[in-house]
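> Based on what follows, work out the 3D shape:
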Amino acid sequence: MCQIIMILCINSMRMEFQSLESGDPEKKNIAELVKGLKDETASVREESVKKLEKMGPDAYGALGVLVELFKDPNMAVRNSASVAVARIGPRAVPVLCESLGNADDEVRASAAYALAVMGPSANRAVPLLIKTLEKDRNESVRGNVISALGAIGDEKAIPALIRTLRGDSSENIRSDAARVLGRFEKNAKEVVPALIAAINIEPKRHAFETVVDWSVVRFNGDELVAFWAVLSLSGFGFAEISPVLQVIKDPSFRGREFAIQALREFVRSYQQEKRQGDTTRSGDFTTRRESV
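Numbering: from 1, shown residues only. Predicted coordinates for the structure are as follows:
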């Protein structure tokens, strides 16, 4: 089925591109911009990409050429091309899914970035994104895939994100997973225990370890992972994070410092949201954040 959709998508792009030379002024404009995408000067290519980005779905006829720019040697051009493809919308998803299987690391990373920019409308890419997260060996690709799964917000990604948090070889990638898991506030029962475990703190135990004392803890984890785990947990409410707040009492300065920094960042971002009148969060989530 995916192959059929891909073939239909490619045929549609060919027909669209062939019509660019028609009498339609807008399509002629796209044809001119496509020429700019092939210019030897990076700034010219980037400028053409940004103009196509502003056209949104109407730039569909240039999709194939934009995806070719995922291999561009200039990072700014690659990133702009990803955004422009994302602005085309759901019709670009099959081509981006195909690009996730490309042998070139930059192409896969750019495709994942485009899906992240696209957000929820790229929902049908989730199964392939999960597969890529678990199989791809390139750290940049996995990082962009995690961002895409967070931006799309499909709860089917949670188990894969938790596995990544627990077992990825890269501290940066585990940190990315901790950061993104904080977006799934409706799945606290599944997410919160994983985030607490990722902080890797141990309570003091008394009397044959039958009594747990959270007033004294030891920090044994990776600082960057712990920072993002604490920051994510801050959004779930006081009841969930109260054991973690005890990290501030850790006799290790390093342990106290990452916890204080994370909570300070949480308070700063929350206050900023309130000043800006952010209405993107549910009322229940806002109440829990206020409790922190």
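> Could you tell me whether R137 really is in a helix?
No: going by DSSP: H, G, I helix; E, B strand; the rest coil, the assignment for R137 is coil, not a helix.
> Now it: phi and psi?
phi -90, psi -10 (degrees, to the nearest 10).
> ok, it - how many residues close by?
R137 has 8 neighbours, counted by other Cβ atoms under 10 Å. C-beta: built from backbone N, CA, C; applies to glycine.
> what do you get for K156?
12.
> same check, this time on T132
With neighbours defined by other Cβ under 10 Å, the count for T132 comes to 24.
> can you check Q271 too?
Q271: 10 neighbours (other Cβ under 10 Å).
> cool, V44 as well?
Neighbourhood size, V44 [other Cβ under 10 Å]: 15.
> quick one, what contacts it?
G36 (Cβ atoms under 8 Å, 6 or more residues apart in numbering).
> what do you get for the one 4 residues further on?
Contacts for S48 were tallied using Cβ under 8 Å, 6+ apart; they are 33-37, 39.
> which one among those residues gets closest to R275?
L33 (39.2 Å; Cβ to Cβ).
> roughly how far apart are the closest residue to the closest one other than its chain neighbours and R166?
With Cβ to Cβ, 6 or more residues apart in numbering as the criterion, L33 has its nearest non-adjacent residue at 4.7 Å, and that residue is S48. According to Cβ to Cβ, to the nearest Å, S48 and R166 sit 44 Å apart.
> Over to E47?
From E47 across to R166, the span is 44 Å (Cβ to Cβ).
> neighbour count winner among these two?
Using other Cβ under 10 Å, the more surrounded residue of E47 and R166 is E47, with 17 against 12.
> So for the more buried one, what pLDDT did the model give?
What the model reports as pLDDT for E47 is 96.
> check which helix or strand covers it.
Per DSSP states H and E, E47 falls inside helix 42-55.
> pLDDT on the next helix or strand along the chain from that helix, on average?
For helix 42-55, the succeeding helix or strand toward the C-terminus, using DSSP H and E, is helix 63-68. Here helix 63-68 scores 96 as its mean pLDDT.
> Stretch 183-200 too?
On average, stretch 183-200 scores 87.
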